[in-house]
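>>> Compute the structure for the input listed below.
(3 chains)
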Amino acid sequence: MNRKEFSDKVYEIVKDIPSGQVATYGMIALLSGYPLRSRLVGQALHHVPDFLSIPCHRVVNHQGRLAPGWTDQQQLLSNEGIHLKENGCVDLKKYLWDIELYKLKC
DNA sequence: GCCCTGACCCATC
DNA sequence: GGATGGGCCAGGG
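The predicted structure is shown next:
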């Protein structure tokens, strides 16, 4: 697999996530053309240079849980109107990004 | 080149 | 609904 192409695709998709909504790693992996590669999405986002200004705080795992040890993430989310549940998870049913909208765009 | 780890997902219990 | 186990892949020691 072409790692650069994969990460480029990931960045492109994540940048397309509208404000106030969240996506899961699995969705990103699927849209980037590499399903089952959700783990790589997490790693790609972890290593992403910040000058690309990618809203990776809008990406959570399939349970709505945020990145561990990244306290700023919930602050950024709340700035966009996304309020977290008591257990610190995002309400996916409420804020999940509609993957079909992106598919239509392509 | 092997082994462990990780911002994960899914099926199953 | 939480817990568990298996599968996935790249990076670092």
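>>> For the closest residue to residue A:52 other than its chain neighbours, which residues are in contact?
Leaving aside its sequence neighbours, residue A:52 sits nearest to residue A:11 (C-beta to C-beta, 6 or more residues apart in numbering; 6.1 Å). (Each C-beta comes from the backbone N, C-alpha and C, glycine too.) Counting by C-beta atoms under 8 Å, 6 or more residues apart in numbering, residue A:11 touches A:44, A:48, A:52, A:54.
>>> dump the residue contacts of the second one.
With contact taken as C-beta under 8 Å, 6+ apart, residue A:48 is in contact with A:7, A:11, A:54, A:56.
>>> give the contact list for residue A:56.
A:14, A:45, A:48.
>>> okay, the last one: pLDDT?
We have a pLDDT of 83 for residue A:48.
>>> coming back round to it: return the closest of the contacts of residue A:11 with respect to residue A:78.
residue A:54 (18.9 Å; C-beta to C-beta).
>>> check whether the host helix or strand of residue A:11 contacts DNA strand C.
Using DSSP states H and E, residue A:11 sits in helix A:3-15. Yes. Using C-beta under 7 Å from any atom of the strand, we find that helix A:3-15 touches DNA strand C at residue A:3.
>>> what do you get for stretch A:93-106?
No. Stretch A:93-106 lies apart from DNA strand C when judged by C-beta under 7 Å from any atom of the strand; the minimum separation is 9.6 Å.
>>> Over to that stretch now: how far is its first residue from its last?
24 Å (C-alpha to C-alpha, to the nearest Å).
>>> what about that stretch, average pLDDT?
Stretch A:93-106 comes out at a mean pLDDT of 86.
>>> With that, I have no additional questions.
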